[in-house]
Every structure is written in C-alpha cells, then in structure tokens.
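[1] Return atomic coordinates for the entry below.
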Amino acid sequence: MSGRRGTAAGALVLGFGGLMLALVVVAQAFPRGLLALACVAIGATAAWYGLLRTGPARVVGLSVGAAGLGAALALLASEWLVEELLVVGALILSATLARIAFAHHVQLPSRPRPRRPVLLFNPKSGGGKAERFALAREAGARGIAAVRLRPGDDLQQLARAAVADGADALAMAGGDGSQAIVAAVAAEHDLPYACVPAGTRNHFALDLGVDREDVIGALDALVDGGERRVDLGEVNGHVFVNNVSLGLYAEAVRREGYRNAKLRTLLDTLPAVLGPDGAGLDLRWTGPGGHAHSAGAAILVSNNRYRLGRAIGSGTRPRIDDGLLGITVLGSSRGRGRGRHLPQRPWREWTAPAFEVDAGHVVSAGIDGETVALQPPLRFRIRPAALRVRIARRHPGASPSASMPEGLAASMRELARIALSQEPTTKE
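    Sure, this is the predicted structure:
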C-alpha cells in the first residue's frame, strides 16, 4: 500500500474508531453526560457574560464559567478519563492524517527566468528571519539583487524604484502587509512576483502553496519556478492579499499596546464594543438578498473565500483565483427589508465580486494585519488574475485545502477513494 493510501486508510480507521468509542462513553456515562452538557452550557454562557464586562462582573462571570467547565470535566473524568483521552487523541490523529492525505502538489507552467530579479526584505520581520537565514547572501548566489528595508524607508517607493531601475521580477521577504505592498507594484507593471515566507504567520504564502518552512527555497521561485495567476483584493485604493477586518479585531489592533499584548488588548476591547454599555459598531451593508443590515461583532472581507468551521483546512482559502471576495459577518445584525426586521444567523458567509460598507464616521480597518483609517463608504472589489506569482518547483503550488471536499460525508468518501486507489473527484 502506498504512503498516501495508507494515510487515508489510517484517517478513516481512527476517525471511525474514535466516534464509536465516543458513543460507548456517552452511553455508559448516562446520565452524567447530560449533566456535563448542562455544565458546559452554563459555563460558556457565564464566560461570555464575563468577557463582555469589566471589573468585578468580569471576574464573577469568568469564575462561574471556569467552574462550569471544570464540573463537566469532573463528571466525565472520574471513571472515563482514559477513554476520553483516547477519543480526543484518535480524532486529532485522524484529522492530521486526513490533512496529509489531501495534500496537493501542482505542476505549474514554466516561464523564462527573470534577468534582473529584485528581492526586498524586512530584516525585522518574523523575529529576524531574513538575517537568520542570510537571505541577502542566498539571493545574491542566485543572481537576485537584494534591497534591505531600513527604518523610515517607504516600501512602496523602494519597489517602484527597483522597477524604474530595470527590475523584471519582484520578491518580498516579510509579513503579509509588506507582501501586499510589493505585490501591488508587481501587478501594476505585470511583473512576476515571489512570496518569501519571512514573516510571522505567512498566511498568504500558505494559501499560495509556498512551503512556509523553506524560506531559502522560496527564492528558487525566481530561478526555475512555475507561474500561476491569482487575484488581489482592494478597498478604497488599498490592495490586500489576505483580508480586511472591520469591527472587534480592527478596534483592538488600533489600540496602544496591541503589539505587545494581543490577547489582553482583544479582551479589553470586547466590553467596549459588544458589552451592554459599549458603543457598538455603526457599520451598514447590504446582504446577498439585497436587504440592508447593520453589523454586530465584525465583518471580514477576504481575497477569495476562507474555509471556515471545518475540522481540517479551516482558516485557509482553497483557491485564490475564483474572482470573488469572501464576505463573513460575525455577530448579530439588524435587517431592514420591506418594513420588517428580519432575523439573522450570528454567522453569515457569501461571495461577491464587490461589496460596500457605509458608516457615519471614519472606520478602523485591519488590512492584512495593519491598522488603517478609512473614509466611508468602504468599497471592496476583487481584481481577478491581477498577480503573476512564481512558486518554487519543490513547493506545493496550491493551498493545503485545495483538494479537500466540503463536508464530513464528502471527506469520508474521498478518503475511501484514495485508500482504494481511485481517482479523486476534486481537482485544482
């Protein structure tokens, strides 16, 4: 049996076994299971109450929440701890094996090697990855000129200057915000572009199919790499490669101290935005049905749709060349249509080539993780096939979720096909 077939078979066996053992535990633990579920519900409600408040009310809410969750664990762990750990372990391992089985490698079309490629790099990104991996030296060994971003430099101007000096390909080693700036210049001049994953999270590299662990190898994209075209997003003239967040996250990012204490700042922002005394969010938008709404917690507009709420591949984009924005609205909203208030789900997701958000004030936005103040209305649009991306031959060349089916049943069927050596039905 091949490695991929064995991995798929292992994912199926472990997933089925974990679910069967979970059913046994639930049956044997009755009625403790129901009591544990009630404790979880009470604990989660109390914890959310605490998060939306400050001072003593927050302490009480979080304490009750922790007590509820602790009681649930105590009810089940007294006799079934080993079995519960086995269930969790089996399901986690099954998801891991499924992700490996669905791994996708694309052979991208070859293109001529650039004659004067230029790498721009931020030496401070990712905790100093560019310096640690000696990117400038490695680039020089490949015939790629390296331009260092220094304090006070304007990255966009550096990229434009490189093009003016004759660069026929651009690469950026830095965070996703920097990637967007250089990618926009490359797209403007229809030049090949390479993403070097020298930032902290490198989400764009992941969805492009660049190996985030192979920083040096990413330089080979401008030596003998394959090429594909991908979309770019734009809002009020600002290009983004990943997403733009409005609401809770954007409000937290703009606060002083966010960079040094992200979680604490986010928790402090919750009651100020969503709490009973919070100012709320004055954001107005139109949904896919044509009805006007006002947003609750947050709006996320992405360069193509994210795969959300899935056991495997969640938080990645299966494609970046669909020619559509991904739009996700979190939290409650008030709909206005035909004179009625329309009930809405707390989580709505759809795609569209354009999207507009209005407000009565300047809107704080997190564009690829960088805070920006935007004048309303915010006009989002997709720029289809705007960017020519070069990717190293040994890198995947596609998102880790590119070949993952939607839904548990479809995933199980696809794993069975792989295990039985049948051709997959999902294609890049």
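
[2] where does the stretch 301-428 of the chain have low pLDDT?
    For the stretch 301-428 of the chain, the stretches with pLDDT under 70 are 309-313, 331-347, 422-428.

[3] show me where it has helices.
    Along the stretch 301-428 of the chain, the stretches classed as helices by DSSP state H, counting those that start in this stretch are 408-419.

[4] Which stretches in it count as strands?
    Using DSSP state E, counting those that start in this stretch, the strands of the stretch 301-428 of the chain run over 325-330, 334-337, 340-342, 347-352, 354-358, 363-367, 370-374, 378-391.

[5] Which positions in stretch 197-214 come out as buried?
    Judged by neighbour count using 16 or more other C-beta atoms under 10 Å, the buried positions of stretch 197-214 are 197-199, 202-212, 214. Just so you know, the C-beta spots here come from the backbone N, C-alpha and C atoms, and that holds for glycine as well.

[6] repeat for stretch 82-100
    By 16+ other C-beta under 10 Å, the buried positions in stretch 82-100 come out as 83-84, 86-87, 90-91, 94-95, 97-100.

[7] Also stretch 136-151?
    136, 138-139, 144-147, 149.

[8] now, the most widely separated pair of these?
    138 and 149 (16.9 Å; C-beta to C-beta).

[9] so the helix or strand containing residue 68 versus helix 408-419, what angle?
    Element membership of residue 68, judged by DSSP states H and E, is helix 55-101. Here helix 55-101 points in a direction 30 degrees away from that of helix 408-419 (axes from the mean of the first three to the mean of the last three C-alpha atoms, to 10 degrees).

[10] Among the buried residues of stretch 136-151, which are located in helices?
    136, 138-139 (DSSP state H).

[11] Which of those sits closest to residue 110?
    residue 139 (21.1 Å).

[12] Show the contacting residues for the closest one.
    Neighbouring residues of residue 139 by C-beta atoms under 8 Å, 6 or more residues apart in numbering: 119, 145-146, 219.

[13] right, and residue 127 touches residue 201 too?
    No: between residue 127 and residue 201 there is no contact under C-beta atoms under 8 Å: 11.8 Å.

[14] Wait, residue 372 touches residue 378, no?
    No: counting by C-beta under 8 Å, residue 378 is not a contact partner of residue 372; they are 10.5 Å apart.

[15] For those two, indicate the residue with more neighbours.
    The neighbour comparison of residue 372 against residue 378 (other C-beta atoms under 10 Å) goes to residue 378, with 22 against 19.

[16] list the contacts for that one?
    With C-beta under 8 Å, 6+ apart, residue 378 has these contacts: 235-236, 246, 356-359, 363, 365.

[17] please redo it, this time with the cut-off set to 10 Å
    235-236, 238, 244, 246, 283, 285, 299, 301, 355-359, 363, 365 (C-beta atoms under 10 Å, 6 or more residues apart in numbering).

[18] and which of those residues is nearest residue 419?
    Closest to residue 419, out of all of the contacts of residue 378 and judged by C-beta to C-beta, is residue 301, at 38.5 Å.

[19] And that closest one, how far from residue 384?
    Going from residue 301 to residue 384 by C-beta to C-beta, to the nearest Å gives 16 Å.

[20] neighbour count winner among these two?
    residue 301 (25 against 14).

[21] now, which of the buried residues of stretch 197-214 sits nearest residue 409?
    Proximity of the buried residues of stretch 197-214 to residue 409 (C-beta to C-beta) peaks at residue 207, which lies at 25.1 Å.

[22] Show the model's pLDDT score for that closest one.
    On pLDDT, residue 207 comes in at 94.

[23] helix or strand for it, which one?
    Going by DSSP H and E, residue 207 is part of helix 203-208.

[24] pull the CA atoms of that helix into CSV?
    Listed next in CSV are the C-alpha coordinates belonging to helix 203-208 (Å, rounded to 0.1, in the frame of the first residue of the first chain):
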residue,chain,number,x,y,z
HIS,A,203,-0.9,33.3,5.6
PHE,A,204,-0.5,34.4,2.0
ALA,A,205,2.4,32.0,1.4
LEU,A,206,0.3,29.1,2.9
ASP,A,207,-2.6,29.7,0.6
LEU,A,208,-0.4,30.3,-2.5
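
[25] Could you shift the numbering so residue one becomes 462, and keep it that way?
    Right, with 462 as the first residue, what we last looked at is helix 664-669.

[26] What helices and strands are in contact with that helix?
    helix 637-649, strand 653-657, strand 687-696, strand 759-764, strand 839-852 (3 or more C-beta pairs under 10 Å, 6 or more residues apart in numbering; DSSP states H and E).

[27] how does it look with 8 Å?
    helix 637-649, strand 653-657 (3 or more C-beta pairs under 8 Å, 6 or more residues apart in numbering; DSSP states H and E).

[28] now, of the ones you listed, which is deepest in the fold?
    strand 653-657 (a mean of 28; mean count of other C-beta atoms under 10 Å).

[29] Paired strands for that strand, with orientation please.
    strand 630-634 (parallel), strand 839-852 (parallel) (DSSP bridges).

[30] Of all those, which one comes closest to residue 621?
    Distance to residue 621, taken as C-beta to C-beta, is lowest for strand 630-634 among those, at 10.2 Å.

[31] I would like the residues contacting the closest one, please.
    So strand 630-634 is contacted by 575, 577-583, 586, 590-591, 596, 605, 620, 623-624, 639-640, 642-644, 646-647, 652-659, 676, 679-680, 682-683, 851 (C-beta under 8 Å, 6+ apart).

[32] in a strand, that's where residue 587 is, yeah?
    No: counting by DSSP: H, G, I helix; E, B strand; the rest coil, residue 587 falls outside a strand, being helix.

[33] Does it touch residue 673 like I think?
    No: with contact defined as C-beta under 8 Å, residue 587 does not reach residue 673; the gap is 10.0 Å.

[34] Please enumerate the shared neighbours of those two.
    Here residue 587 and residue 673 have residue 663 as joint contacts, going by C-beta under 8 Å, 6+ apart.

[35] quick one: contacts for the residue nearest the centre of the chain?
    Geometric centre of the chain, nearest residue: residue 776, 4.1 Å, by C-alpha atoms, centre = their mean. Neighbour list for residue 776: 767-769 [criterion: C-beta under 8 Å, 6+ apart].
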